[in-house]
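[1] show me how the following folds:
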Amino acid sequence: MLVAAAVCPCPPLLVPDVAAGAAPELDAARAACTDALGLLAASRPDLLVVVGPAEQSGRGPHPEGTRGSFAGFGVDLAVRLGRESAADADTAAPLLPASLAVAAWLLERTGWSDAPVEGLGVGEPLEAERCVRTGAGLAARAERVALLVMGDAGACRTLKAPGYLDERAAGFDAEAARALGTADVDALKALDAELAQELKVAGRAPWQVLAGAAEGAGLAGALLYDEAPYGVGYIVAAWS
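    This next block holds a predicted model:
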């Protein structure tokens, strides 16, 4: 059963070594993520599952100990998902997708040691119904399950945004932030997948996995951060 969830953005810029001189611009987002992970730890889960968007090669389960790297972003920084395991020893194993590498960095930064950690990379095109079923399956994995859900909102909030300016982005992001901040499961399920793709929303599928996991759990939500630096919507929320 799902007992808690944290929702965090997943830009590699969240990692100060990657952001370099621009690192202070996301200090408030990092602080909000730290607070959200603190609430996860306080829930004392038996299992933590990290869910994030992934390209084809990174989709599917990632066992505890899977390694990640920010070398592709010009930084010699390695991370590991949770505690060391056989997956960590297997140097031929696939690396974590970027979203889960950011999650692993957040967990290491906050000293997570409260429960085993597993990862799940989901594809942007995954239909809402499959997302919901996937989430329900995750919630049934243990008596007390927590989720760390990674994903950005729209990347079309300003003229200089990665997806240029799309007037629909602010409204979509506002509804997503409201739903995540109030643990509105039905609203998350109803997010328009096609519109999300047009607005370059990386978090839609992971958020709908969360909706499936939270069905019937009776969790309350709190919105901890909602800003759009660089024209990309970053949302942090905590459910408990």
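
[2] hey, let's count contacts and neighbours off CA atoms from now on
    OK.

[3] strands along the chain, start to end?
    2-8, 47-53, 60-62, 67-69, 78-80, 117-122, 145-150, 221-227, 234-239 (DSSP state E).

[4] tell me what the last one is packed against?
    What that stands for is strand 234-239. Secondary-structure packing of strand 234-239 (3 or more CA pairs under 8 Å, 6 or more residues apart in numbering; DSSP states H and E): strand 2-8, helix 27-42, helix 169-182, strand 221-227.

[5] same check on the first one?
    Judged by 3+ CA pairs under 8 Å, 6+ apart, strand 2-8 is in contact with helix 27-42, strand 145-150, helix 204-214, strand 234-239.

[6] deepest-packed of the ones you listed, please.
    Highest mean neighbour count among the helices and strands packed on strand 2-8 (mean count of other CA atoms under 10 Å): helix 204-214, with a mean of 30.

[7] quick check: angle from that one to helix 169-182?
    20 degrees (axes from the mean of the first three to the mean of the last three CA atoms, to 10 degrees).

[8] now do helix 204-214: everything it contacts.
    Contacts of helix 204-214 with the rest of the structure, by CA atoms under 8 Å, 6 or more residues apart in numbering, involve 1-2, 5, 51-53, 122-128, 131-139, 147, 149-151, 153, 185-186, 188-189, 191, 193, 196.

[9] where does this structure have its least confident helix or strand?
    Least confident helix or strand, the chain: helix 86-89 with a mean of 55, by mean pLDDT, DSSP states H and E.

[10] related to what we said a few turns ago, minimum distance to V15: which of the helices and strands packed on strand 234-239 has it?
    helix 27-42 (8.7 Å; CA to CA).

[11] could you list every helix and strand in contact with that closest one?
    Counting by 3+ CA pairs under 8 Å, 6+ apart, helix 27-42 packs on strand 2-8, helix 98-109, strand 221-227, strand 234-239.
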